[in-house]
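Asks: any chance you could fold what I've pasted below:
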Amino acid sequence: MIKSFTNSFRNKSSDVDRWNEVGGLNGLLISIKSLGQGYRELNTDNNWRQESSVWGRVIQLTTLKKQDENARKWLYTVWRVDRRSIRSVFYEDITSKTLPTPLAHNVRNI
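Replies: As a prediction, the model looks like this:
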């Protein structure tokens, strides 16, 4: 019982450490945006174990000290589980930048 609590606590503190290392939500969003159109692979690439995966590319764009398999799994989990609403914020941001601005109500189409 105590051992599992200790492991659980240790995992939570490393989660906080990783968030701090990547610069919080904004820092990780900047790294993901640096992928360009490669961000689309985040929803299809489940192979976080491979350094050559999209998760390996994302981790290279971060400021994480340990860029190992555990860190890639953390990135994968953060994205897939939508921790801190990272996917929602990301898609909201790119949607607002790529959609055309609606016409004003007083402008008529000719």
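
Asks: in contact with the most centrally placed residue in the chain, which residues?
Replies: Centre of the chain computed as the mean C-alpha position; nearest residue by Cα atoms, centre = their mean is residue 79, 4.9 Å away. If you count contacts by Cβ atoms under 8 Å, 6 or more residues apart in numbering, residue 79 has them with 32, 42, 86-87. All C-beta atoms are positioned from the backbone trio N, CA, C, and that covers glycine.

Asks: please redo it, this time with the cut-off set to 10 Å
Replies: For residue 79, the contacting residues are 28, 32, 39, 42-43, 48, 54-55, 58, 86-87, 90, by Cβ atoms under 10 Å, 6 or more residues apart in numbering.

Asks: so which two of those are the farthest from each other?
Replies: Maximum pairwise distance among those (Cβ to Cβ): 17.7 Å, between 48 and 90.

Asks: those two: who's more crowded?
Replies: residue 48 (23 against 19; other Cβ atoms under 10 Å).

Asks: would you confirm that that one contacts residue 41?
Replies: No - judged on Cβ atoms under 10 Å, residue 48 makes no contact with residue 41 at a distance of 11.6 Å.
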